[in-house]
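1. structure for this input, please:
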Amino acid sequence: MDANSFNLKGIVNPESADRQRVDLLFFPTGGGKTEACLGLAAFTLVMRRLRNPGITGAGTSVLMRYTLRLLTLDQLGRAATLICALELIRQTDRSVNLGDWPFEIGLWVGKSATPNRMGSTRQGDNDENTARRRTLKYLANETRFPPVPLENCPWCGKAFNRDSFKLSPNQNQPRNLRVKCSDFRCAFSGRERDLQIRLLCSQGLLARYNACQKCKHINKGLKAASSDLRRAFRLVLARRS
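-> Okay, here's the model as predicted:
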């Protein structure tokens, strides 16, 4: 709670002097670092929706970056639980307007853990790392690894199975990978409303939908920045020539 209260003023007020400060905090294992971070994330996401009820309330508000890929994957489940809670409130609590756009979480750690693109028959799709190929292999019992780096529903803890994943609108030319819980009693089983686990794990989906919260391995952020710098440098050279 103390970590949250220290940062609320700077989050709410764009003119706050706190925004010019960077704090480095150390806590031992079990000290509540993730809980404090997720509390601030929830506050920031809801505040943006309340201030901007339209499409401008959507988009990335929280970026979580980790130095270890395994740590990124471990924290994904806890962050996904938060996103599920916010999405459930958005769809069921009519006393608060959190906009029409769903709360989503994205993951970007590289093709060894997440697919780079969706893939389709039109593109040939010989790449084993597309979301389509990974999903079809899982559905055909050719692999025991699900197409997303989560094995259990982040809301109820039920293990995912082959009914949990669906390429939408079809398997040949999918534009999305829908994830739901396999337990019909879970709020995110898809039986009521359009509640699904809003997890974006391909770079194509991240670019298209721009999840409100993203988990990244730190190298991915550095590579993206490096790519932007190279692109800008090429533009400068082209103009000078």
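2. and stretch 103-117, average pLDDT?
-> Regarding stretch 103-117, the rounded mean pLDDT is 80.
3. what does stretch 213-232 give?
-> Stretch 213-232 comes out at a mean pLDDT of 57.
4. looking at this structure, which helix or strand is least sure?
-> Taking mean pLDDT, DSSP states H and E as the measure, the chain has helix 218-240 as its least confident helix or strand, at a mean of 53.
5. quick one: the helices in this protein?
-> All helices of the chain, identified by DSSP state H, fall at 2-12, 33-51, 69-92, 131-139, 203-209, 218-240.
6. ranking these by mean pLDDT, which is last?
-> Minimum mean pLDDT among the helices of the chain: helix 218-240, a mean of 53.
7. got the contact list for the nearest residue to residue 84 once chain neighbours are set aside?
-> Leaving out its chain neighbours, the residue that sits closest to residue 84 by CB to CB, 6 or more residues apart in numbering is residue 155, at 4.6 Å. (Glycine included, C-beta is placed from N, CA and C.) Applying CB atoms under 8 Å, 6 or more residues apart in numbering to residue 155 gives the contacts 81, 84, 85, 181, 186, 187, 188, 197.
8. list the contacts of the nearest residue to residue 148 once chain neighbours are set aside.
-> In space, and not counting its chain neighbours, residue 148 is closest to residue 201: 4.9 Å by CB to CB, 6+ apart. Residues counted as contacts of residue 201 (CB under 8 Å, 6+ apart) are 106, 107, 114, 115, 131, 147, 148, 149, 177.
9. any idea how far residue 201 lies from residue 41?
-> With distances taken as CB to CB, to the nearest Å, residue 201 is found 19 Å from residue 41.
10. pLDDT value on residue 126, please?
-> 69.
11. try the one 3 residues further on
-> The predicted local distance difference test score for residue 129 is 81.
12. could you find the closest non-adjacent residue to it?
-> That would be residue 111: by CB to CB, 6+ apart, it lies 4.4 Å from residue 129.
13. rewinding a little: identify the farthest-apart pair in the contacts of residue 155.
-> Distance extremes for the contacts of residue 155: the farthest pair is 85 and 181 at 14.2 Å, using CB to CB.
14. who has more neighbours, those two?
-> residue 181 (28 against 16; other CB atoms under 10 Å).
15. mind listing what the more buried one touches?
-> Counted by CB under 8 Å, 6+ apart, residue 181 has contacts 153, 155, 156, 158, 160, 164, 188, 189, 190, 197.
16. how about it, phi and psi?
-> phi -80, psi 150 (degrees, to the nearest 10).
17. ok, now residue 58?
-> phi -90, psi -170.
18. give the contact list for the closest residue to it other than its chain neighbours.
-> Nearest residue to residue 58 in three dimensions, chain neighbours excluded: residue 101, at 3.9 Å (CB to CB, 6+ apart). Listed by CB under 8 Å, 6+ apart, the contact set of residue 101 reads 55, 57, 58.
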